[in-house]
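Novice: Curious how this folds, go ahead:
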Amino acid sequence: LQKPVVGIGGHFISGKFDAFRRTIPYSAFVDAFRELIRQLLGENEYVLTAWRDKLTAALGPNGQIMIEVIPEVELIIGSQPAYQHLGPTEADNRFKMVFRNFVGVFCDARHPLVIHLDDLQWIDYASMQLIAMLLQDRRLKHLLFVGSYRDNELSEHHPLLLFTEELKATDVQLESVRLQSLELSEVTQLIADAVHCSTDRVQ
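Specialist: The predicted structure follows:
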């Protein structure tokens, strides 16, 4: 997906969940969006100013919240004022709203956003809730999530399976692609294409 998405001016970003970081909420999201911010920092000043204006408008007085999660954001929008501290529930709701506004900056017809999250078998609960919120937000267009996981590491009652069943009960469009092992003929063709020789020689 990466080449066609980037080819039309979109962004393709990727993050990976880790068994050793399951206690850190949103870890794969943070990795993915740090990658995106680094891409923006490589743009010329004219383009970067346009993104700065969009981010500043979307985040409003809550820019520091995003900076604490993704420090590179400060390199684009500059230092931000402190925000009001709230109780746990209110703070969580505010974070989701701010993150939704942040993601929305990168989702439009000229710049569609594809987020690939790998190793979903290690996903944390907070990240599942964030995905559900983003997928069910009708205001977000031109956004595609691609998740990958090893199904042989999922028990019957794994939280990820329960989560996907809950999503299927909503109007979110889900599509599953099961990747099988490569056959000998397919591996042969891959090698032949890579080293530019006949399949007979590869055999």
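Novice: Now do the longest helix along the chain: which elements does it pack against?
Specialist: In terms of residue count, the longest helix belonging to the chain (DSSP state H) is helix 88-105. Packing contacts for helix 88-105, counted by 3 or more CB pairs under 8 Å, 6 or more residues apart in numbering; DSSP states H and E, involve helix 45-59, helix 63-69, helix 125-135. All C-beta spots, glycine's among them, are computed from the backbone N, C-alpha and C.
Novice: Next up, the contacts around the residue nearest the centre of the chain.
Specialist: Nearest to the geometric centre of the chain sits residue 115, at 3.3 Å (CA atoms, centre = their mean). By CB atoms under 8 Å, 6 or more residues apart in numbering, the residues touching residue 115 are 13, 14, 15, 29, 32, 143, 144, 145, 146.
Novice: Residue 164 now?
Specialist: residue 174.
Novice: ok, now residue 23?
Specialist: By CB under 8 Å, 6+ apart, residue 23 lies in contact with residue 124.
Novice: and if you look at residue 90?
Specialist: Contacts of residue 90 by CB under 8 Å, 6+ apart: none found.
Novice: Excluding sequence neighbours, find me the nearest residue to residue 118.
Specialist: Using CB to CB, 6 or more residues apart in numbering and skipping the chain neighbours, the partner closest in space to residue 118 is residue 16 (4.3 Å).
Novice: my guess is the one you found contacts residue 119, does it?
Specialist: Yes - assessed by CB atoms under 8 Å, residue 16 is found in contact with residue 119 at 5.5 Å.
Novice: most packed of the helices and strands packed on helix 88-105?
Specialist: Sort those by mean neighbour count, taking mean count of other CB atoms under 10 Å, and helix 63-69 sits at the top with a mean of 19.
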